[in-house]
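Asker: Sequence plus the predicted model coming up.
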Amino acid sequence: MPNVANPRRCKSLGLLLLASLSAFAAHAQQQSLKPLEPHLLLAGGGLKICSSMAHQYCDETDWIDRDSMRTDRYLNLTGKYRQAAIDKDIWPGAREPERKEVIEAIDLVRERLNEDIVPERRFQEEFTRRATKQLYDKLSDAEWNRIIDHLEMPHVATLQTRVNLAETMNKDSLAIMQRFAEMAQQRHQGEGKAKVLFVTAGARDSFTDVGYYDSLFQQLGVDGEWLPLDAAVVAAQRQGRCDELDKVRAETVGAWDRARVYPQLHQRQVAFCKSSEQAVSMVEGADGLFFADGSANRIRDSLIRPNNSATPLLQTIALQISEEELAVGGSGAGAAVMSGGPLITNGSSREALKSGALAAEPPMFGCNLDGTCPPNVSVDSLTYHPLGGIQLFHFGSLDSAFSEQGRQARLMRLAATTSTPVSVGIDENTALLVNLKNGEFGIIGERGVFIVENAQQADNMVAANFQYLLAGSRGLLTPRRVAVAKLANEHDVVKVEPTTRFLDNRGAIDSMRVLCRGERKQINLLQDDFSLMMQVDDDSVLQAAGGECQVLNGRMGIVWQPEKQL
């Protein structure tokens with residue numbers, strides 16, 4: 001397993017935390033809790049920060065200046081750009097019919113738009129309707145990315161993404177990022193601003209959001225700096241191919257022609273690739289480290305060697321955290337990758353119930369369309385890495401974008417398959433704050449955190465004890481169980497239409513409201529060939545907050561019962 005901490009020390013720490021659970025909860029009932037001093041901020045993704053590239057999250061947009069700010073990716077539908085996108089050398093021979101259709105489709109879209117240079121959003125809107133929609137539906141994500149990457153025009157360095165915190169409508173997203181900036185500032189020694197490194201290794205194109213995070217951390221009052229690490233850099237270093245980084249990038253993460261589109265960032269990454277000690281020195285000089293969303297597997301590949309040992313960089317990160325010199329945060333996959341337990345890399349709740357959990361490489365989205373799915377793996381298969389993520393969160397497994405995607409069944413299936421005692425799912429626009437030394441945690445943001453304990457399974461069902469806590473709750477984590485010291489009393493009402501769909505939506509969480517009203521001790525939901533049961537008893541604790549329901553010591557079971565074929 002990745003060597004990021006002394007295992008005997010971790011075991012002793014776990015026993016100490018386990019012994020302190022009851023005392024912590026009793027103490028909390030007698031007096032107010034001390035302020036939480038977290039080492040990690042784990043956001044469930046979906047952070048809605050206003051920027052020139054995401055104006056839908058802005059209250060007002062009249063500040064956006066297209067002449068001085070980046071507002072979109074632009075595509076060139078003529079000449080060498082179009083030829084590069086449909087070149088035979090980059091299309092597998094088995095997809096030759098689709099390649100020929102792409103040639104015709106680009107010509108048709110160009111004719112419809114009557115323009116040679118168009119924003120990516122407009123191109124995709126036109127491609128996904130009328131005669132070309134049928135082709136779009138046949139293309140995998142890898143094939144679509146290949147087309148867009150080669151059509152994309154070079155990024156103009158003077159046109160950077162600009163963030164505007166003052167116009168950000170979602171105040172919970174803003175509060176989460178402000179809290180992380182505060183964590184970094186608290187670790188800063190001396191005067192001036194804290195330094196925060198941000199990692200975009202989870203993205204397929206690790207260059208595209210660099211300007212966004214530069215602007216975001218500047219507005220948060222800290223000095224942000226890009227750590228140019230990704231799986232392509234690690235692969236190029238291992239193969240001695242830093243000068244061929246653009247080619248390695250296409251081979252490893254499927255990002256094409258990035259040196260042409262982002263020449264300055266590419267050169268920075270090549271120089272970083274050639275300086276093996278630079279990453280460690282950058283982390284040693286930082287107060288915060290933030291992992292952006294994307295693919296947890298890509299981030300893991302950037303920090304864990306092929307033999308599953310920690311890189312010197314990851315060892316340095318763990319050491320800096322233990323010495324209280326570094327705060328670490330992440331959003332979405334950037335949070336999930338910190339799992340100490342098995343790392344979820346793909347999958348839906350529906351497929352998890354049908355086919356179980358597979359210790360296998362995750363598939364590319366749409367791999368069923370171009371025949372690139374790994375053996376015995378489908379697009380929706382629940383895949384995981386059995387040796388975990390980068391193990392900064394040593395209490396168990398993590399999942400993100402949780403309630404919004406109905407991911408209870410997939411997390412329970414993983415926990416049961418791998419005998420993981422505690423697993424945590426974090427809702428979008430919500431963050432779990434964790435003190436790694438004493439196990440204390442708190443929740444901030446818009447929604448809540450779902451905690452699975454002692455999951456069990458059969459071929460077509462999963463069951464577990466669970467807790468669901470809203471922002472404002474506090475408690476204590478150990479690798480074996482959870483104690484809750486304080487439940488939230490107030491909470492904003494979730495302003496989405498209630499649903500009973502629990503495999504891919506908020507149905508399980510929305511239905512808990514019935515439990516808090518005291519009308520029932522048990523709830524049963526149906527969706528297609530699946531059924532969900534939630535149950536509480538005299539040992540359970542229920543507390544409403546803002547129209548939502550919190551549950552301690554509840555039980556949940558989900559079953560797949562396909563109709564018999566007649």
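Answerer: Here it is on my side, so go on.

Asker: mind showing which ranges of the protein have poor pLDDT?
Answerer: Counting by pLDDT under 70, the ranges of the chain that qualify are 1-32, 564-566.

Asker: what about 80?
Answerer: 1-33, 491-495, 563-566 (pLDDT under 80).

Asker: contacting residues for the residue nearest to residue 184 when sequence neighbours are not counted?
Answerer: Once flanking residues are discounted, residue 184 sits nearest to residue 288: 3.0 Å by CB to CB, 6 or more residues apart in numbering. Backbone N, C-alpha and C define where each C-beta goes, glycine included. Contact analysis of residue 288 by CB atoms under 8 Å, 6 or more residues apart in numbering lists 180-181, 183-184, 187, 194-197, 222, 326-329.

Asker: if we go to 10 Å?
Answerer: 41, 180-188, 194-198, 217, 222-224, 326-329 (CB atoms under 10 Å, 6 or more residues apart in numbering).

Asker: Just the buried ones from these?
Answerer: 41, 180-185, 187-188, 194-198, 217, 222-224, 326-329 (16 or more other CB atoms under 10 Å).

Asker: Show me the residues you listed that map onto helices.
Answerer: Among the buried ones among the contacts of residue 288, DSSP state H puts 180-185, 187, 217 in helices.

Asker: CA atoms only for stretch 137-151, dumped as CSV, please.
Answerer: These are the backbone C-alpha positions of stretch 137-151, laid out as CSV (Å, rounded to 0.1, in the frame of the first residue of the first chain):
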residue,chain,number,x,y,z
ASP,A,137,-24.8,9.8,-30.4
LYS,A,138,-22.5,7.2,-32.0
LEU,A,139,-19.3,8.9,-30.9
SER,A,140,-17.5,8.1,-27.6
ASP,A,141,-16.2,10.8,-25.3
ALA,A,142,-12.6,10.0,-26.5
GLU,A,143,-13.6,10.5,-30.1
TRP,A,144,-15.5,13.8,-29.4
ASN,A,145,-12.6,15.1,-27.4
ARG,A,146,-10.2,14.2,-30.3
ILE,A,147,-12.3,16.3,-32.7
ILE,A,148,-12.6,19.3,-30.4
ASP,A,149,-9.0,19.3,-29.4
HIS,A,150,-7.8,19.4,-33.0
LEU,A,151,-10.3,22.1,-33.9
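
Asker: I'd like to know how many residues surround residue 470.
Answerer: When neighbours are defined as other CB atoms under 10 Å, residue 470 has 27 of them.

Asker: I meant residue 499, not that one.
Answerer: Neighbour tally, residue 499, other CB under 10 Å: 17.

Asker: What distance do you get for it to residue 381?
Answerer: 25 Å (CB to CB, to the nearest Å).

Asker: for this structure, which strand is longest?
Answerer: Assignment by DSSP state E gives strand 548-560 as the longest strand of the chain.

Asker: which stretch of helix or strand covers the residue nearest to residue 243 when sequence neighbours are not counted?
Answerer: Spatially, and ignoring its direct neighbours in sequence, residue 243 is nearest to residue 270 (7.0 Å; CB to CB, 6+ apart). If you go by DSSP states H and E, residue 270 is part of helix 263-274.

Asker: and after that helix, which helix or strand comes next?
Answerer: helix 278-284.

Asker: Please tell me how far residue 406 sits from residue 530.
Answerer: Distance from residue 406 to residue 530, by CB to CB: 10 Å.

Asker: Same check on residue 189?
Answerer: For residue 189, the distance to residue 530 - CB to CB - is 54 Å.

Asker: When those two are compared, which one has more neighbours?
Answerer: Using other CB under 10 Å, the more surrounded residue of residue 189 and residue 530 is residue 530, with 21 against 8.

Asker: Can you tell me the closest non-neighbouring residue to the more buried one?
Answerer: residue 560 (5.4 Å).

Asker: coming back round to it: list the residues that contact both of residue 406 and residue 530?
Answerer: What both residue 406 and residue 530 touch, as defined by CB under 10 Å, 6+ apart, is the set 349-350, 502-503, 558.

Asker: Count the neighbours of the closest residue to residue 355 other than its chain neighbours for me.
Answerer: Using CB to CB, 6+ apart and skipping the chain neighbours, the partner closest in space to residue 355 is residue 381 (6.3 Å). Residues lying near residue 381 (other CB under 10 Å) number 23.

Asker: Tell me which residues touch residue 204, please.
Answerer: 141-142, 145, 149, 230-231, 249, 253-256, 294-295, 298, 364.

Asker: please redo it, this time with the cut-off set to 6 Å
Answerer: Contact analysis of residue 204 by CB atoms under 6 Å, 6 or more residues apart in numbering lists 253, 255.

Asker: Please verify my assumption that residue 479 contacts residue 393.
Answerer: No - with contacts defined as CB atoms under 6 Å, residue 479 does not count as touching residue 393, sitting 10.3 Å away.

Asker: neighbour-wise, which of these two wins?
Answerer: residue 393 (27 against 20).

Asker: on that earlier part again, got the contact list for the residue nearest to residue 530?
Answerer: 353-354, 460, 530.

Asker: ok, so of these, who is nearest residue 467?
Answerer: residue 353 (21.6 Å; CB to CB).

Asker: Excluding sequence neighbours, find me the nearest residue to that closest one.
Answerer: residue 560 is the one closest to residue 353 (CB to CB, 6+ apart), at 4.3 Å.

Asker: and the gap between that neighbour and residue 64?
Answerer: From residue 560 over to residue 64 (counting by CB to CB), the distance is 48 Å.

Asker: likewise residue 212?
Answerer: 14 Å.

Asker: repeat for residue 283
Answerer: 34 Å.

Asker: same thing with residue 511?
Answerer: 41 Å.

Asker: buried stuff in stretch 474-489?
Answerer: In stretch 474-489, counting by 16+ other CB under 10 Å, buried: 474-488.

Asker: Closest to residue 206 out of those?
Answerer: Looking across the buried residues of stretch 474-489 and measuring by CB to CB, the closest to residue 206 is residue 477, at 31.4 Å.

Asker: Thank you, goodbye.
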